[in-house]
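Asks: structure for this input, please:
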Amino acid sequence: MADNMIAQFNYVLSTANSLLTMNSIENDEEITTTFEYEDGIEPCRKTNVKQMAATLLPPLYSLVFIFGFVGNLLVVLTLINCKKLKSMTDIYLLNLAISDLLFLLTIPFWAYHAEHEWVLGNVMCQLFTGLYHIGYFGGIFFIILLTIDRYLAIVHAVFALKARKVSFGVGTSVITWMLAVIVSLPGTLYTKAQKEDNGISCGPYFPSGFKAIHTIMRSVLGLVLPLLVMIICYSGILKTLLRCRNEKKKHKAVRLIFAIMIMYFLFWAPYNIVLLLDTFQEPSGLSNCQSTSHLDQAMQVTETLGMTHCCINPIIYAFIGEKFRSYLSRFFRKHIAKHLCKQCPAFYRETADRVSSMYTPSTGEQEVSAGL
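Replies: Below is the predicted model of the structure:
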């Protein structure tokens, strides 16, 4: 009898423990479900965005790097070896090409990052992000300086003879690089390598509210400021051209820098607009999962388009800058064809007439008439 009572008591205890355990599990599942899927909404995974980046970005970035690096390196070598940096415009064009090269040096690492995780650590993540931003802002600032330089050379020609010296170009270039470093600091310091669902990622992690400030600063420096400089300078240039007798020569002086400025807007404006929409998602009504996924894809496409701009400036020089084509041909004959084909002197022979036709003691006047 006593044994039966003990057995029944143990059965009741085990049943109670089973019920308590099941209840605890249900509560735990309930808590987990509430935490992960608040209000019945599943987390936004964005797998399509990651797959698109891994598939498309590496080959596109590779092409941009190859063509951009070769083109800008040729610009640097041509300016140093042939033009000898005799004018302020040469100084600015050289620094613009260096800005593009700094920017391009980071692209192979972003190409690898798009397909794989970031493997170089936090310090290298910030270093390459810093080079990316310095190259980007440096390119903007030197395009602005080139526009102002054209404005002074045409609208205020008398003042330009005194102000547009090589020493002044070097001094303003140093200040411009310092400014590019300063405005690049926020985007660099708030970038870090951090573990995420798909591995370690290198990207910006701004404090609350600071992302909006950084985006506005980037938009002002990358869109508003160049646009204002372009409107002011080219309106003055056009007025002067209308009063100029020799319009053809003056047009050649303007069209190169004008083309550089326009190409910058065409290639970088879409990215800056998408960046604004991404930063201010709630006011734009784009805070749902589908809209944010589309914004991320648009960011990838427009940023790749902006990166392609690094390949464009050398093409502009080749097609619009008449003197640059001559200097590039001279550089090719002297330094490349001569070594590739030592038995073909016709490829690199430079006659005295050709050398004398490309030399002018008045660098500033020739520069204004030819454009580059």
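Asks: neighbours around Leu56, how many?
Replies: Leu56 sits with 15 neighbouring residues when counted by other CB atoms under 10 Å. Using the backbone N, CA and C atoms, a C-beta is placed for each residue, glycine as well.
Asks: quick check: it vs Val301, distance?
Replies: Shown here: Leu56 relative to Val301, a distance of 9 Å by CB to CB, to the nearest Å.
Asks: what's the closest non-adjacent residue to Met217?
Replies: Excluding the flanking residues, the one nearest Met217 by CB to CB, 6 or more residues apart in numbering is Val183, at 7.1 Å.
Asks: kindly report the same for Leu275.
Replies: With CB to CB, 6+ apart as the criterion, Leu275 has its nearest non-adjacent residue at 5.7 Å, and that residue is Thr215.
Asks: you'd agree that neighbour is in a helix?
Replies: Yes. The assignment for Thr215 (DSSP: H, G, I helix; E, B strand; the rest coil) places it in a helix.
Asks: alpha carbons only: can I get the helix or strand harbouring Ser201 in PDB?
Replies: When secondary structure is defined by DSSP states H and E, Ser201 falls within strand 199-204. Extracted in PDB, the C-alpha atoms of strand 199-204 (Å, rounded to 0.1, in the frame of the first residue of the first chain):
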ATOM      1  CA  GLY A 199      31.200  37.700 -42.300                       C
ATOM      2  CA  ILE A 200      33.400  40.700 -41.500                       C
ATOM      3  CA  SER A 201      32.500  43.900 -43.300                       C
ATOM      4  CA  CYS A 202      34.300  47.200 -43.700                       C
ATOM      5  CA  GLY A 203      31.900  50.100 -43.700                       C
ATOM      6  CA  PRO A 204      30.700  53.300 -42.000                       C
END
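Asks: just name whatever secondary elements it is in contact with.
Replies: Judged by 3 or more CB pairs under 8 Å, 6 or more residues apart in numbering; DSSP states H and E, the packing partners of strand 199-204 are helix 121-155, strand 191-196.
Asks: so where's the stretch 101-250 of the chain uncertain?
Replies: By pLDDT under 70, the low-scoring segments of the stretch 101-250 of the chain are 245-250.
Asks: how about the helices in the stretch 151-300 of the chain?
Replies: In chain order, the stretch 151-300 of the chain shows helices spanning 157-163, 166-189, 210-219, 225-243, 247-279, 281-284, 289-308, with DSSP state H, counting those that start in this stretch as the criterion.
Asks: for Leu102, find the nearest of those helices.
Replies: Distances from Leu102 to each of the helices of the stretch 151-300 of the chain were compared using CB to CB; the minimum, 9.5 Å, belongs to helix 166-189.
Asks: buried residues, that closest one. List them.
Replies: The neighbour-count check on helix 166-189 (16 or more other CB atoms under 10 Å) flags 169, 172-173, 176-177, 180, 183-184, 186-188 as buried.
Asks: max pairwise distance over the residues you listed: which two?
Replies: Of all pairs drawn from those, the one with the longest distance (CB to CB) is Gly169 and Pro186, at 28.4 Å.
Asks: I figured Tyr317 was touching Phe324, is that so?
Replies: Yes. Here Tyr317 reaches Phe324: they are 4.4 Å apart, a contact under CB atoms under 8 Å.
Asks: tell me the contacts of the nearest residue to Thr279 once chain neighbours are set aside?
Replies: Leaving aside its chain neighbours, Thr279 sits nearest to Thr215 (4.2 Å; criterion: CB to CB, 6+ apart). When contacts are counted by CB atoms under 8 Å, 6 or more residues apart in numbering, Thr215 touches 275-276, 279.
Asks: ok, Tyr234 next?
Replies: Applying CB under 8 Å, 6+ apart, we find Tyr234 in contact with 147, 151, 254, 258.
Asks: how close does it get to Pro314?
Replies: Separation of Tyr234 from Pro314 (CB to CB): 23 Å.
Asks: repeat that for Gly187.
Replies: In this view, Gly187 and Pro314 are 27 Å apart by CB to CB.
Asks: go on, Leu60?
Replies: Taking CB to CB as the criterion, Leu60 is separated from Pro314 by 18 Å.
Asks: just Leu102 next, same as before
Replies: With distances defined as CB to CB, the gap from Leu102 to Pro314 amounts to 15 Å.
Asks: equivalent analysis for Thr78, please.
Replies: With CB to CB as the criterion, Thr78 and Pro314 are 10 Å apart.
Asks: ok, the nearest residue to Val229 once chain neighbours are set aside - contacts?
Replies: With CB to CB, 6+ apart as the measure, Ile144 is the residue that lies nearest to Val229, at 5.1 Å, once sequence neighbours are left out. When the contact criterion is CB under 8 Å, 6+ apart, the partners of Ile144 are 225-226, 229.
Asks: Leu179 and Leu145 touch, don't they?
Replies: No. The criterion here is CB under 8 Å, and Leu179 misses it with Leu145 at 11.0 Å.
Asks: ok, for Met230, nearest residue in space, not its chain neighbours?
Replies: With CB to CB, 6+ apart as the measure, Met261 is the residue that lies nearest to Met230, at 5.4 Å, once sequence neighbours are left out.
Asks: residues in contact with the one you found?
Replies: Shown in contact with Met261 (CB under 8 Å, 6+ apart): 143, 147, 226, 230.
Asks: closest one of the residues you listed to Ser219?
Replies: Using CB to CB, Pro226 is the member of those that sits closest to Ser219, with 11.0 Å.
Asks: that closest one: neighbouring residues, count only.
Replies: Pro226 has 21 neighbours, counted by other CB under 10 Å.
Asks: residues contacting it?
Replies: Pro226 makes contacts with 140, 143-144, 261, 264-265, as judged by CB under 8 Å, 6+ apart.
Asks: fine by me, thanks again.
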